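1. Compute the structure for the input listed below.
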Amino acid sequence: QVQLVETGGGAVQDGDSLTLSCLHSGRTLYDHAMGWFRQAPGKEREFVASILWASGYTSYADSVKGRFFISRDNFKNEVYLQMNSLKPEDTAVYYCAQRIGTTDRLNEATEYNAWGQGTQVTVSA
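-> Residues are numbered from 1 along each chain as shown. The predicted model follows:
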C-alpha cells in the first residue's frame, strides 16, 4: 500500500519562498506520475503541478507557472515543490498525489490513486 507524507508547509510573507516535500513509500511501479494539488477554504481542490517519474516531464497550472517548480529524487522516492514569489492567493492546504499508469489528464484530481494528508501553506500580505 502506498503512503504519501508531505512536509515543509508553514506561514510565510508575501514574496517569500517555501519548498514542500513528499515522501512516498510502499510498492510503486516505475510507470507513475506524481502531482501537487491545493485546496483553499471554500474552494475546490485544484491542480498545481505534476511530474512523470520515468522521464521527469513536468506540467504546471498557469497560476504558478514560472514561480513553482516540481522535481523528484528517484533514489529517495521524494517529490518536491519549490514555491517562489509566494502570494496570499497561494494560501491553501497542499496535497501530494500519485497516479499509477499513463493518462493525459494529470491535471485532474480524479486521475490519482493515492493522496497524502496535506500540509498547510499560509502566505500573509
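2. Could you tell me how far whichever strand or helix holds residue 120 lies from the centre of the chain?
-> Take DSSP states H and E as the rule and residue 120 turns out to sit in strand 119-124. Distance, stretch centre to chain centre, for strand 119-124: 14 Å (Cα atoms, centre = their mean, to the nearest Å).
3. the strands in the protein, which residues?
-> If you assign secondary structure with DSSP state E, the strands in the chain sit at 3-7, 10-13, 18-25, 32-39, 46-52, 58-60, 68-73, 78-83, 92-100, 114-115, 119-124.
4. Pairing partners for the shortest one, with directions?
-> Taking DSSP bridges as the criterion, strand 114-115 sits next to strand 92-100 (antiparallel) in its sheet.
5. what's the neighbour count on residue 11?
-> A count of nearby residues for residue 11, using other Cβ atoms under 10 Å, gives 12. Where C-beta positions appear, they are placed from N, C-alpha and C, glycine not excepted.
6. Looks like it contacts residue 124 (just checking).
-> Yes - taking Cβ atoms under 8 Å as the contact criterion, residue 11 and residue 124 are neighbours in contact, 6.8 Å apart.
7. still on that earlier bit, so for the strand holding residue 120, what gets flagged as buried?
-> For strand 119-124, the buried set under the neighbour-count rule, 16 or more other Cβ atoms under 10 Å, comprises 119, 121, 123.
8. How about the residue nearest the centre of the chain: what's its closest non-neighbour residue?
-> For the chain, residue 36 is the residue whose C-alpha lies nearest the centre (Cα atoms, centre = their mean; 1.9 Å). Once its chain neighbours are removed from consideration, residue 36 has its nearest residue in residue 48; the separation is 4.2 Å (Cβ to Cβ, 6 or more residues apart in numbering).
9. Low-confidence ranges, the protein, go.
-> By pLDDT under 70, the low-scoring segments of the chain are 27-30.
10. on that earlier part again, okay, and the beta partners of the residue nearest to the centre of the chain?
-> Partner residues in beta bridges with residue 36: residue 49, residue 96, with DSSP bridges as the criterion.
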